[in-house]
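Undergrad: show me the folded form of this:
(chains A and B)
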Amino acid sequence: MIYDIDRETAPREELEQLQLTRLQALVERAFANVGFYRRKFEEAGLLPGHVRNLSDLKYLPFTEKQDLRNNYPFGLFAVPRENVVRIHASSGTTGKATVVGYTHRDVRNWAQLMARAFMAAGVHRGDIVHNAYGYGLFTGGLGAHYGAEELGATIVPISGGGTKRQVMLLRDFGATVLCSTPSYSLFLHEAALEAGISISDLPLRIGIFGAEPWTEEMRHDIESKLGLTALDIYGLSEIMGPGVAMECAVAQKGLHIFEDHFLPEIINPVTGEQLPPGETGELVLTTLTKEAQPLIRYRTRDITSLNYIPCRCGRTHVRMTRIKGRSDDMLIIRGVNVFPSQIEAILLETEGLAPHYQLILDRKGVLDTLEIQVEVDEKIFSDEVRHLQRLETKIQGNIKEFLGVTAKVKLVEPKTLVRSEGKAKRIIDRRNG
Amino acid sequence: MKVEQISIFLENRAGRLTDVTRVLSEAGVNIRALSLADTSDFGILRLIVTDHERAKETLKANGFTVGRTSVVAVEVDDRPGGLHRILELLSNSQINVEYMYAFVQQSGKNAVLIFRFDRTDQAIEILQKNSIKIIPGKDLYNL
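TA: Presented below is the predicted three-dimensional model:
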């Protein structure tokens, strides 16, 4: 089933004509209403009229996450603030969060795109959607929520956490669709087994998993343990939220990017040059319809490739392969995006700690764990246990408050952390392999 | 009247304590008293030694994080109520004991306790006023 059959199966030529019209309008709007883009265009000697066809996209300047931070909070809005009906934001230390605004139409488009995503997964009216994505400033919860309602399914806005209750309601309500991070679905499975419930015996038949990288092996594991079809969803708050791209249940091979709303490119992350179709590189997205905060050539830092081969499901929209990694040092911990620099900033703010720390990522059972090892120097050392423990608790609290992840803080002796060529090796990721 | 105590941060893993005693042994420093406070992840070793300057220097040179604190060594009558009397005096003056540990003496009728107070100077004043015997650092290092 296809939610918007005209748009999703439009012939490529027609689709590309629509993309061009929308790109030209977008560039006009950004130039006229966003000071940041006007300056960028002027620096590059460009005028909106220079965009004559889609291949001109490569001449336009990139937008980076740092640009969002530099224009915090509302500097990239292309509409008067009164026209913004919703604001989402990513985690970050004070003043460094990336903020995204939505107009009424943006929120509606988002709901419709998420409805498309649900339908591509095989969800329809009558389904019960157990939505374990976090609600709040994070886009996951509300994004899936509005899409399910738009489609006419029954949404259970349970949000994250409270696993025992999740298992109980999953069983009692007879949910047929689960939205969560892939690792959380396995965690639910284990919690259910402890409660004597086998999720594979429940009516659940579709899992829509996103917000963290996963593998084909993990898909097979989830499908056999939970007895459902596991599908990959992609999105990022800067662009919209979940529903930028969705895997179809028919082919289960790659995620269709909703190209009438998002224009994708793959670039070489080092040189910034566009790469031909099929090559692996960094995904760059341009929002074609966003009103409140349009972004031109936004560097997602996600590594993937694009596949233009027509899909069995009938959709003509390009498919991206599962995310293969990142072109920066961003970590994804239980679905939460964390940059080591954010952790460093928090350590610095906590009693001038810092230079020597190490992040150890591991997977206990099915969930990610983060341990922050901090070297104890004379400045923070105390001969009283409680002072050191108070320090650990304080760091832990600040990490939780600013970044939304639970970390274990471990104080270690100086120079115990691995240093390679004089530079400390900051991250040890033991999650894969 | 104070005693200089050094403290060392130790990760909770096999062999670390031995590393400290080796360094001190090689430096010819004798340990007079010690206490180890521990948690699941780390420990704090507190030492009173014959030469705290030298001990601190050598330990630091060997990569340990070393701190220095002033503590008070008090002679306590070795009979029921001996410690109680001292603690009562301090508690009546709202002085808090952060930690304490006993000191091993080779001979002598009295026990020696090492105290870390939140207000060291006031504690010394009160103890002296009540004729409690405080052992000065230099006596302790060379006992």
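Undergrad: next, the contact list for the residue of the stretch 251-400 of chain A found nearest chain B, please.
TA: Using CB to the nearest CB, A:D383 is the residue of the stretch 251-400 of chain A that sits closest to chain B, at 3.5 Å. From N, CA and C alone the C-beta is placed, and that goes for glycine too. Contacts for A:D383 (CB atoms under 8 Å, 6 or more residues apart in numbering or on different chains) come out as B:Q5, B:S7, B:I44, B:R46, B:G67, B:T69, B:R116.
Undergrad: 10 Å instead?
TA: By CB atoms under 10 Å, 6 or more residues apart in numbering or on different chains, the contact set of A:D383 is B:5-9, B:35, B:37, B:44-46, B:66-69, B:71, B:98-99, B:116.
Undergrad: buried ones among those residues?
TA: Among the contacts of A:D383, the ones that count as buried by 16 or more other CB atoms under 10 Å in any protein chain shown are B:5-9, B:35, B:37, B:44-46, B:66-67, B:69, B:71, B:98-99, B:116.
Undergrad: of the residues you listed, which ones also sit close to chain A?
TA: For chain A, the contacts drawn from these by CB under 10 Å from any CB of the partner chain are B:5-9, B:35, B:37, B:44-46, B:66-67, B:69, B:71, B:98-99, B:116.
Undergrad: buried residues, stretch A:2-14. List them.
TA: Buried residues in stretch A:2-14, counted by 16+ other CB under 10 Å: A:I2, A:Y3, A:R7, A:E8, A:T9, A:A10.
Undergrad: average pLDDT across that stretch?
TA: On average, the pLDDT along stretch A:2-14 is 97.
Undergrad: tell me which residues are up against it.
TA: Contacts of stretch A:2-14 (CB under 10 Å, 6+ apart): A:15-19, A:112-120, A:123-124, A:147, A:150-151, A:248, A:250, A:256, A:258-261, A:308, A:310-311, A:313-318.
Undergrad: quick one: which of those sit in helices?
TA: Using DSSP state H, the subset of the contacts of stretch A:2-14 located in helices is A:15-19, A:112-120, A:147, A:150-151.
Undergrad: for whatever residue of chain B ends up closest to chain A, which non-adjacent residue is closest in space?
TA: Taking CB to the nearest CB, chain A has its nearest neighbour within chain B at B:S7, 3.5 Å off. Closest residue to B:S7 apart from its sequence neighbours, by CB to CB, 6 or more residues apart in numbering or on different chains: A:D383 at 3.5 Å.
Undergrad: quick one: low-confidence parts of the stretch 251-400 of chain A?
TA: A:352-355 (pLDDT under 70).
Undergrad: run through the residues of it sitting next to chain B.
TA: A:373, A:375-389, A:392.
Undergrad: list the contacts of the most centrally placed residue in chain B.
TA: For chain B, the residue sitting closest to the mean C-alpha position, by CA atoms, centre = their mean, is B:I114 at 4.8 Å. For B:I114, the contact set (CB under 10 Å, 6+ apart) comprises B:3, B:5, B:32-35, B:46, B:48, B:71-74, B:99-103, B:135, B:140.
Undergrad: one more pass at 7 Å, please.
TA: With contact taken as CB atoms under 7 Å, 6 or more residues apart in numbering or on different chains, B:I114 is in contact with B:A33, B:I48, B:V71, B:A73, B:M100, B:Y101, B:F103.
Undergrad: quick one on the thing from earlier: report the buried members of the residues of the stretch 251-400 of chain A next to chain B.
TA: A:Q373, A:E375, A:V376, A:I380, A:F381, A:S382, A:D383, A:E384, A:V385, A:L388, A:Q389, A:E392.
Undergrad: could I get the contacting residues of the fifth one?
TA: Just to be clear, that refers to A:F381. Applying CB under 7 Å, 6+ apart to A:F381 gives the contacts B:F9, B:T65, B:G67.
Undergrad: got a list of what residue 110 touches?
TA: All of this refers to chain A. Neighbour list for A:W110: A:Y102, A:G143, A:Y146, A:M240, A:G241, A:G243 [criterion: CB under 7 Å, 6+ apart].
Undergrad: my bad, the chain I had in mind was chain B
TA: B:N110 sits in contact with B:E75, B:V76, B:D77, B:D78, where contact means CB under 7 Å, 6+ apart.
Undergrad: wasn't the last one part of a strand?
TA: No. The assignment for B:D78 (DSSP: H, G, I helix; E, B strand; the rest coil) gives coil, which keeps it out of a strand.
Undergrad: for B:G43, name its beta-bridge partners.
TA: Beta bridges link B:G43 to B:L10, B:D38 when assigned by DSSP bridges.
Undergrad: I figured it hits B:N12, correct?
TA: Yes. Taking contacts as CB atoms under 7 Å, B:G43 lies within contact range of B:N12: 5.9 Å.
Undergrad: neighbour count winner among these two?
TA: In this view B:G43 and B:N12 are compared by other CB atoms under 10 Å in any protein chain shown, and B:G43 has more residues nearby, 18 against 12.
Undergrad: could you list the domains of the chain?
TA: Just so you know, I chose chain A. A:81-328, A:333-429 (automatic domain parsing).
Undergrad: nope, chain B
TA: If you go by automatic domain parsing, the domain ranges for chain B are B:3-69, B:72-133.
Undergrad: now, the most widely separated pair of the buried residues of stretch A:2-14?
TA: Within the buried residues of stretch A:2-14, A:Y3 and A:A10 form the most distant pair, 13.5 Å apart (CB to CB).
Undergrad: and residue 63, what does it touch?
TA: Going with chain A. By CB under 7 Å, 6+ apart, the contact set of A:T63 is A:L295, A:I296, A:R297, A:Y298.
Undergrad: wait, chain B
TA: Contact partners of B:G63, counting by CB under 7 Å, 6+ apart, are A:P414, A:K415.
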